[in-house]
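Q: mind looking at a prediction? Sequence and model below.
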Amino acid sequence: MEDNHRYLSSLATLKAELKEARNEFEFLSKYVKMLKSGTQSLENILNDGKSSSNKMGLGFSEGTFATTSTTMFAKASDNIDHGVTIKEEQIEWRPRRRNDRCNVALTSVHLSRATDWYFDSGSSWHMTGNAAFFTNFKEYSAGHVMFGDRVREKIIGKGSINQPGLSCLQDVRLVKGMSTNLISISQLCE
């Protein structure tokens, strides 16, 4: 009888572990699909290799345009008005419109690790806070970086990073106190 209780207890534990494993498998499958589609989209953008000045393919065609309007002249008149009239315009106050930009940071759904890198469309440079990543590094004081929450951090230096699973990144800034690693999409496209 005692063996049956032990077997039933083991069976219940194994069923719970199986359910947890299935949930984790489903989660990881969705995660991999998301990464594949995001990676494919980024590769398509990078493979296009369009510079910001190239407008081809966006409905723009460079060239001369034929004008359809004709110039019309007014008939001469003996009536000449030498009076000067000044029109007063009323200035209406309107609040300044903010030019809000929507920057994108591609993040992961799992817990962040110090070795994770994130694509960021609002970042000017590749940046990290971990000096151990650098294969070559040069110290210099180049000012500060301001983040979206208006916090300023000092740039300590820059260098190259060549990590497994990450292509070689040039001109990566080492930023004091930075806890995440950012890959600048604009710097990749240059």
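A: Thanks, I have it. Residues are numbered from 1 along each chain as shown.

Q: measure the residue most central in space within the chain to Gln187 for me?
A: Ranked by distance to the mean C-alpha position of the chain (Cα atoms, centre = their mean), the top residue is Ser121 at 1.9 Å. Distance check for Ser121 against Gln187: by Cβ to Cβ, to the nearest Å, it reads 11 Å. C-beta: built from backbone N, CA, C; applies to glycine.

Q: do Val32 as well
A: According to Cβ to Cβ, Val32 stands 27 Å off from Gln187.

Q: next: Glu26.
A: On the measure of Cβ to Cβ, Glu26 and Gln187 end up 36 Å apart.

Q: got it, and Thr180?
A: Taking Cβ to Cβ as the measure, Thr180 falls 16 Å from Gln187.

Q: can you pull out the helices in this structure?
A: Using DSSP state H, the helices of the chain run over residues 2-48, 185-189.

Q: pLDDT score for Lys15?
A: With respect to pLDDT, Lys15 has a value of 92.

Q: do the same with Ala66
A: 62.

Q: could you number the chain from 41 rather than 1 from now on?
A: With the count now opening at 41, the last piece we talked about shows up as Ala106.

Q: from the chain's centroid, how far away is whichever strand in the chain runs longest?
A: In the chain, assigned by DSSP state E, the strand with the most residues is strand 192-201. Taking the mean of its C-alpha atoms, strand 192-201 sits 19 Å from the chain's own mean (Cα atoms, centre = their mean, to the nearest Å).

Q: thank you, goodbye.
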